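Asker: Compute the structure for the input listed below.
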Amino acid sequence: MKEIEAKLDEIKEGRFSSLPTRGPDSRFSIEDGSIGSVDLEWTCDPLKGLACSLDSPGFKALAQATEEVIGHVKPLADTGSLPLVGDLKANGYDIQTVGYGVEDAYHAENEFARISDFEQGMKVLSRIVELVNEQ
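Answerer: Coordinates of the predicted model:
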């Protein structure tokens, strides 16, 4: 938060001159020198992000199981808030997040899921348990 507030202060102190423009008619001041203003108000503490390790034993088991069951592996970067999962990772747990279904349908107006996707997901998760137990 401090870094963002410092950057905003820097922009304000420079009267927005540090911001890129698209030419002489694209600027943040008008001819009499007046400029707009911008303020930032935090409404809550920020949520911590989470990045799963692609080198961990958990990911390797997940990738192998997914390849075996589904036929391909496509790691995905996504957004959202999983504060408890982040706490687990911060405490040394090998964290991986998975989802089986139609990504475009997640949280959509007409969200849906297919039982066949869940069945496939359960096969992947079962195979992960087998692979981890073999180690």
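Asker: those helices in the protein, which residues are they?
Answerer: Counting by DSSP state H, one finds helices in the chain at the ranges 2-13, 57-70, 83-90, 115-134.
Asker: which regions of this structure lie under the pLDDT threshold?
Answerer: Where the chain drops to pLDDT under 70, the residues are 27.
Asker: tell me the centre residue of it?
Answerer: Centroid check for the chain by C-alpha atoms, centre = their mean gives Thr79 as the closest residue, at 2.8 Å.
Asker: Kindly provide the distance from it to Glu5.
Answerer: From Thr79 over to Glu5 the distance is 22 Å, taken as C-beta to C-beta, to the nearest Å. (Glycine included, C-beta is placed from N, CA and C.)
Asker: and what of Ser126?
Answerer: 48 Å.
Asker: Next: Asp45.
Answerer: Asp45 is 14 Å from Glu5, by C-beta to C-beta.
Asker: which of the two has more neighbours?
Answerer: Glu5 (11 against 7; other C-beta atoms under 10 Å).
Asker: Test my guess that the more buried one contacts Leu40.
Answerer: Yes: between Glu5 and Leu40 a contact is recorded at 6.8 Å, counting by C-beta atoms under 8 Å.
Asker: ok now do Val85, which residues does it touch?
Answerer: Residues in contact with Val85 (C-beta atoms under 8 Å, 6 or more residues apart in numbering) are Leu50, Ile95, Thr97.
Asker: The second one: how many residues sit nearby?
Answerer: So the one you mean is Ile95. 20.
Asker: Glu68 contacts Ile128, correct?
Answerer: No: the pair Glu68 / Ile128 is not scored as a contact, 10.2 Å apart, by C-beta under 8 Å.
Asker: neighbour count winner among the two?
Answerer: Ile128 (21 against 13).
Asker: Show the contacting residues for that one.
Answerer: Contact partners of Ile128, counting by C-beta under 8 Å, 6+ apart, are Ala61, Leu62, Ala65.
Asker: who are the neighbours in contact with Ile95?
Answerer: So Ile95 contacts Leu50, Cys52, Ser53, Gly58, Val85, Leu88, Lys89 (C-beta under 8 Å, 6+ apart).
Asker: filter those to the buried ones?
Answerer: For the contacts of Ile95, a burial check counting by 16 or more other C-beta atoms under 10 Å picks out Leu50, Cys52, Gly58, Val85, Lys89.
Asker: Appreciated, that's everything.
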